[in-house]
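>>> Sequence first, predicted coordinates after that:
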Amino acid sequence: METDIFITGHVSATSVDVQSRSTHRLLFLDNIRVLLTLLVLMFHLMSTYAGAGLWHYKEGREDLVTHALGAWFVAVCHAFFIGLFFFISAYFVPGSYDRKGPVRFLKDRLIRLGIPLVLYSWIVRPLFVWLDPVKSQGRGLAFKDFITTDYFKHNDILGPGPLWFIMALLMFSLAYVPWRLLIQSHAVRGITANRFPSQAVIGLFALLLGIVTFLVRLKCPIGWNFKVVNLQLPFFTQYVLLFVMGLIAYHHDWFSSLIDSSGRLWLRMAGCMALLFWPLMLVGKANVSLTPFLGGWHWQAFGLAVWESFLCVSMCIGLVYWFHRYCNHQGRAAAFLTRNAYTVYLIHEVVIISVAYAMRDVSLYPLLKWVFVSLMAIPLCFAVSALIRKLPWTDRVL
């Protein structure tokens, strides 16, 4: 996919030239995006073997250690990786809009995000569910009859499974167009090299993000889902605000002003927040019931919302700092992963569930099996992606 939404570009950290910032590669952001894609695959495989989170296929063989480590891994990843995806994606929206204008920008978004979304929602995933031996929803029905009479009664019309992210990203990107037309701003005039926000401002933002998330979950607790288009509103406060922060980061050139001391501080904060998950669960008696954590007027729900927000903000800043400082380069392998990351995200549900189901009779300790299947499924996802991207016309979309 092109450099301005899911794949990113490289530029000198001090540049404020629009063309340079929009068309050269930011290799450290490419590398973060690859890491996030790998975490998505490992996250969903952990749901298979540790039973944590919502996922199409679970084996359910878990002990206390597997459950505790699996819940921690899923909770930590979910607290930040999608928000960081939105932040990075938003960073390249203004430059893309300025180069292309509103009409071409809309056309490009509909091609690169809309076509995969529709194909997966209406063809690939219905076919996968129809053939699925786990739940056998399509048993005894021809595919034509299954998709017209049964599938959409039980599944989302758009954005099923992991594709909800693509749908949300398309919605956010399209909403940017009328906003830009309304304010009639231009990137050259709007880019100013401002200093990175202070620690106090960042902390206040994280706290307010947690409070708003808690308030949203009073009405829409965790697990609430707008089924028609698969949007989980309990988490959308973070996604919307991180997308907005990505736009602001572009216009204020924040990456060039993130100093080492701030980056190291928030990276250490991210590690501390990740470890606070278990004390929060123990004090909140998660072993008795998870219900108070999901939403409502419970201190556990407030604590979880604030924990997620501080972990998200600190992890986003910490990873951006670390990759910018130490991983702003690529070899052939990393470049291959970058080129295929978007396609891997699109197809990974089908691939990793197929591999996990094929390995269902292999008896291994769940966490060990998670590692083993990950080592099989992740390379397979990238291999399948490379084959798909060789098909005619896929370069225009993928």
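All right, it came through fine.
>>> From C381, how far out is the residue most central in space within the chain?
The geometric centre of the chain, computed from its C-alpha atoms, lies nearest to I82 (C-alpha atoms, centre = their mean), at 2.8 Å. Using C-beta to C-beta, to the nearest Å, I82 is found at 18 Å from C381. For every residue, glycine as well, the C-beta is placed using N, CA and C.
>>> The protein: strands as residue ranges?
Ranges of strands within the chain: none, based on DSSP state E.
>>> Run through it and note the low-pLDDT ranges.
Along the chain, the model assigns pLDDT under 70 to residues 1-25, 133-140, 185-193.
>>> circling back to that earlier point, quick one: residues contacting the residue nearest to the centre of the chain.
Residues near I82 by C-beta atoms under 8 Å, 6 or more residues apart in numbering: 165, 235, 238-239.
>>> any idea how far N31 is from L38?
Separation of N31 from L38 (C-beta to C-beta): 11 Å.
>>> Which residue of the two possesses the greater neighbour count?
Neighbours per residue, other C-beta atoms under 10 Å: of N31 and L38, the larger number sits with N31, 22 against 18.
>>> got the contact list for V362?
Contacts of V362 were listed using C-beta under 8 Å, 6+ apart, and they are 369, 372.
>>> still on that earlier bit, how about the contacts of I82, which pair is most distant?
F165 and Q238 (12.8 Å; C-beta to C-beta).
>>> out of those two, which sits in the busier spot?
Taking other C-beta under 10 Å, F165 and Q238 do not tie; Q238 has more neighbours (25 against 21).
>>> Hmm, V216 and G296 touching each other?
No. The pair G296 / V216 is not scored as a contact, 11.7 Å apart, by C-beta atoms under 8 Å.
>>> between these two, which one's more packed in?
V216 (19 against 15).
>>> Give me the distance between L117 and N340.
According to C-beta to C-beta, L117 stands 19 Å off from N340.
>>> next one: F323
For F323 relative to N340 (C-beta to C-beta), the value is 19 Å.
>>> higher neighbour count, those two?
Each of F323 and N340 has its neighbours counted (other C-beta under 10 Å); N340 has more, 22 against 19.
>>> State the distance from the more buried one to L375.
17 Å.
>>> L233 too?
Between L233 and L375 the distance, using C-beta to C-beta, works out to 35 Å.
>>> Look at the two and report which has more neighbours.
Each of L233 and L375 has its neighbours counted (other C-beta under 10 Å); L233 has more, 15 against 10.
>>> what's around the residue nearest to the more buried one when sequence neighbours are not counted, how many residues?
Excluding the flanking residues, the one nearest L233 by C-beta to C-beta, 6 or more residues apart in numbering is C220, at 4.5 Å. Counted with other C-beta under 10 Å, residues neighbouring C220 total 16.
>>> Touching, V313 and G210? I think so.
No. Applying C-beta under 8 Å, one finds V313 not in contact with G210, separated by 9.4 Å.
>>> If you count surrounding residues, which of the two has more?
When V313 and G210 are compared for neighbours, V313 comes out ahead with 28 against 23, by other C-beta under 10 Å.
>>> so what's P126 up against?
Applying C-beta under 8 Å, 6+ apart, the residues contacting P126 are 143, 146-147, 151, 155.
>>> Write the PyMOL selection for whichever of these are buried.
Burial among these is assessed by 16 or more other C-beta atoms under 10 Å; the matching PyMOL selection reads:
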select buried, resi 146+147+151+155
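>>> count of residues packed around the closest residue to C316 other than its chain neighbours?
Nearest residue to C316 in three dimensions, chain neighbours excluded: L84, at 4.9 Å (C-beta to C-beta, 6+ apart). Neighbourhood size, L84 [other C-beta under 10 Å]: 22.
>>> Next up, the contacts around C381.
41, 344, 347-348, 351-352.
>>> For F226, give its distance to N287.
31 Å.
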